[in-house]
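Asker: here is my input, please return the structure:
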Amino acid sequence: MKHIFKTPTEIIDALEAEYSAAVDALSSALGQFLKDGTPPDGEARSAGAFCYPELVIRYQPDGPPPPISRSFGKFSEAGVYVSTVTRPDFFRPYLTEQLELLLADYILDIEVRRSSMEIPYNYVWDKDKAGGLEEIAPAELARWFPTSKLEHIGDEVADGALFEAGEERPLALFDAPRVDFSLKRLEHYTGTPVEHVQQYVLFTNYHRYVDAFCDWAVERLGRAGPYKALSVAGGLTIDADTKDAREKIAAAPWRRFQMPAYHLMTENGSGITLVNIGVGPSNAKTITDHLAVLRSQCWIMVGHCGGLRHSQAIGDYVLAHAYLRDDHVLDSALAPDIPVPPIAEVQLALAAAAGSVTGESGEGLKKRLRTGTVVTTDDRNWELRITETARRFNQSRAIAIDMESATIAANGFRMRVPYGVLLCVSDKPLHGEIKLPGAANRFYERAIGEHIRIGIETLERLAADGGAMLHSRKLRAFDEPPFR
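Answerer: Numbering: from 1, shown residues only. I've put the predicted structure just below:
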């Protein structure tokens, strides 16, 4: 579809028209196949009837690109930039932001066209309209309909793929097949619709943090403010008028899901999502791999850690400013010797929120909040190997150890999503204070409510300016796609 586009709305409307036509054609063909076994029209499929739309931006300036200092929405060099797009209406706010910046500062030739990449049938299959399709053998469906192929799903752009002069370049970190893959995985793992995921995300590794978050969210819904509803893993949504909200949340089938999510929603999606990722770096990588396609404004980890310094006390906080990566799950994608820098805006917001929530300041806050290096390990019983690791911990000057923080930070760095970590000391194994049932319960009762409120206030502070200051240039490579 060739057209002279003047506004982001026109571009996104054209993408939506192409996408809707492809989805309608694919859904109709699936319905007909389910009804009487009629396969899709081969000629229509050859003509691209089931294909994703593609956005093409040609930037051919007379001279070098202007030196724009923002971290995204800009071109580093002339060229043809192309990406397939899925669910344009769902991603309309994100696409609008990117396109407004580009159209304001550059003279561009923009085209919306049908790509050669077909939409896999399982990404548009609506069980309400085509119930019974699951009874047909997948191999039989694959004979007639496009299916997911792993060779079409990858993170090569995010992982720094370089492009030759004159070669088409990607507009964004993720193309349509990669995005659709993650949207489905997110619903599977979290038990909530992707439409409910908010732009500011908290991760935790204990369900008691979920209880504290839900207590706060229910109370907050009862007051005036931006929050409109709480979406709970298992299909429950509550609002200010819901009776017995806490009982209903507790009874929801959240246990069916590996990493249940809870979304305190606003009208514009700038609310707070909490995901209980459980314990371990594998889950931390899994969920952030998929959340990355939503282009969150920020990820923050709030969880427990082992304190490694004698001066720390149970219940003290650790604000991570560096990471010793012994988690191993990202080593092949982001080598352990690649620095993962702190994001200053997040660090400042976390420190300010800690002072506000605890009521401490100056030396009083310094006694409870320590900044330093966090070790993230994939060995839950690292204590049994301390004779092998003590020297490494000493050399790194680590002050805490956990199993998720460095993974989230490293994947945030890798995926260009601002990140931060605030941990709470729950035990001090090197100093004889090992986590035992009685001590653990006393710690939970005292610390969790305060800790989750610090995470919430941090995100609210960051959201207050719309996240404008969050997206540091230190997250961008020198050969970066224009879109954030």
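Asker: touching, Ala29 and Phe145? I think so.
Answerer: Yes. The pair Ala29 / Phe145 is scored as a contact, 7.2 Å apart, by C-beta atoms under 8 Å. In this view, the C-beta of every residue, glycine as well, is placed from N, C-alpha and C.
Asker: any residues in contact with both of these two?
Answerer: Pro40, Phe50 (C-beta atoms under 8 Å, 6 or more residues apart in numbering).
Asker: who are the contact partners of the residue nearest to Asp327 when sequence neighbours are not counted?
Answerer: Of all residues not flanking Asp327 in the chain, Pro281 sits nearest, at 3.6 Å (C-beta to C-beta, 6 or more residues apart in numbering). Neighbouring residues of Pro281 by C-beta under 8 Å, 6+ apart: Asp327, His328, Val329, Thr376, Asp378, Met403, Glu404, Ala406, Thr407.
Asker: surely Ala313 touches Cys424?
Answerer: No. Counting by C-beta under 8 Å, Ala313 does not reach Cys424; the two are 10.9 Å apart.
Asker: tell me which of the two has more neighbours.
Answerer: Per other C-beta atoms under 10 Å, whichever of Ala313 and Cys424 has more neighbours is Cys424, with 25 against 11.
Asker: part of a strand, is the more buried one?
Answerer: Yes. Assessed by DSSP: H, G, I helix; E, B strand; the rest coil, Cys424 belongs to a strand.
Asker: please name the bridge partners of it.
Answerer: Here Cys424 sits in beta bridges with His304, Tyr317, going by DSSP bridges.
Asker: my guess is it meets Tyr317, correct?
Answerer: Yes. With contacts counted by C-beta under 8 Å, Cys424 reaches Tyr317, the gap being 5.8 Å.
Asker: can you pull the residues that touch both of the two?
Answerer: His451.
Asker: just checking, what packs against the helix or strand containing Arg45?
Answerer: Under the criterion of DSSP states H and E, Arg45 resides in helix 42-46. Of the remaining helices and strands, none touches helix 42-46 by 3 or more C-beta pairs under 8 Å, 6 or more residues apart in numbering; DSSP states H and E.
Asker: quick one: contacts of that helix?
Answerer: Ala25, Glu118.
Asker: and it, average pLDDT?
Answerer: Here helix 42-46 scores 91 as its mean pLDDT.
Asker: and if you look at stretch 349-357?
Answerer: 97.
Asker: so for stretch 73-88, mean pLDDT?
Answerer: 96.
Asker: kindly report the same for stretch 293-305.
Answerer: 96.
Asker: stretch 180-191 now?
Answerer: 97.
Asker: over to stretch 97-105?
Answerer: Mean predicted confidence for stretch 97-105 is 96.
Asker: who touches it?
Answerer: Outside stretch 97-105, the residues touching it (C-beta under 8 Å, 6+ apart) are 7-8, 11-12, 57, 66, 68, 70, 72-75, 108, 172, 482-484.
Asker: in helices, which of the residues you listed appear?
Answerer: Among these, the ones falling in helices (DSSP state H) are Pro8, Ile11, Ile12.
Asker: just give me the neighbour total for the last one.
Answerer: Looking back up the chat, that one is Ile12. 22.
Asker: run a quick neighbour tally on Asp465.
Answerer: Residues near Asp465, counting by other C-beta under 10 Å: 10.
Asker: would you agree it falls within a helix?
Answerer: No. With three-state DSSP as the criterion, Asp465 is coil rather than part of a helix.
Asker: distance of it relative to Arg256?
Answerer: 38 Å (C-beta to C-beta, to the nearest Å).
Asker: cool, Ala29 as well?
Answerer: Applying C-beta to C-beta to Ala29 and Arg256 gives a distance of 32 Å.
Asker: those two: which has the busier surroundings?
Answerer: Counting neighbours by other C-beta under 10 Å for Ala29 and for Arg256 shows that Ala29 has the greater number, 21 against 10.
Asker: residues contacting that one?
Answerer: Pro39, Pro40, Asp41, Phe50, Phe145 are the contacts of Ala29 under C-beta under 8 Å, 6+ apart.
Asker: let's see that with 7 Å instead.
Answerer: Pro40 (C-beta atoms under 7 Å, 6 or more residues apart in numbering).
Asker: ditto for Ser148
Answerer: Neighbouring residues of Ser148 by C-beta under 7 Å, 6+ apart: Pro120, Asn122, Phe181.
Asker: wasn't it part of a strand?
Answerer: No. Ser148 sits outside any strand when classified using three-state DSSP, being coil.
Asker: spatially nearest residue to Leu112, not counting backbone neighbours?
Answerer: Careful, residue 112 is Val and not Leu. Nearest to Val112 is Ala14, by C-beta to C-beta, 6+ apart, at 4.1 Å.
Asker: so is that neighbour in a helix, a strand, or just coil?
Answerer: Following three-state DSSP, the label given to Ala14 is helix.
Asker: what about it, distance to Thr7?
Answerer: 11 Å.
Asker: give me the more crowded residue out of those two.
Answerer: Ala14 (20 against 12).
Asker: show me this structure divided up by domain.
Answerer: 8-174, 191-474 (automatic domain parsing).
Asker: most tightly packed of those?
Answerer: Scoring those by mean neighbour count under mean count of other C-beta atoms under 10 Å gives domain 191-474 as the most buried, with a mean of 19.
Asker: give me the low-pLDDT residue ranges for this structure?
Answerer: For the chain, the stretches with pLDDT under 70 are 1-3, 126-131, 432-445, 468.
Asker: one more time with 50, if that's ok
Answerer: 1 (pLDDT under 50).
Asker: tell me which stretches of it form helices.
Answerer: 8-36, 42-46, 92-105, 138-144, 176-190, 207-221, 245-251, 281-291, 344-358, 362-368, 386-396, 405-415, 437-463.
Asker: for those, give me TSV that also has distance to Leu430.
Answerer: Listed next are those as TSV, based on distance: least, C-beta to C-beta, whole Å:
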stretch	distance to Leu430
helix 8-36	55
helix 42-46	63
helix 92-105	45
helix 138-144	52
helix 176-190	34
helix 207-221	25
helix 245-251	37
helix 281-291	21
helix 344-358	24
helix 362-368	19
helix 386-396	7
helix 405-415	18
helix 437-463	16
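Asker: which one of those helices lies closest to Leu475?
Answerer: Ranking the helices of the chain by proximity to Leu475 (C-beta to C-beta) places helix 405-415 first, at 6.5 Å.
Asker: and the angle from that closest one to helix 281-291?
Answerer: 30 degrees (axes from the mean of the first three to the mean of the last three C-alpha atoms, to 10 degrees).
Asker: contacts for helix 405-415, please.
Answerer: So helix 405-415 is contacted by 158, 203, 281, 284-285, 288-289, 292, 299, 301, 320, 323, 325, 327, 329-330, 333-334, 340, 374, 376, 418-419, 421, 423, 475 (C-beta under 7 Å, 6+ apart).
Asker: now do it and helix 344-358, the angle between them.
Answerer: Using the same axes, to 10 degrees, helix 405-415 lies at 140 degrees relative to helix 344-358.
Asker: next one: helix 405-415 to chain centre, how far?
Answerer: 10 Å (C-alpha atoms, centre = their mean, to the nearest Å).
Asker: picking up where we left off before, adding distance to Arg185, write the domains of the chain out as JSON lines.
Answerer: Converted to JSON lines, the domains of the chain look like this (distance: least, C-beta to C-beta, whole Å):
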{"stretch": "domain 8-174", "distance to Arg185": "11"}
{"stretch": "domain 191-474", "distance to Arg185": "5"}
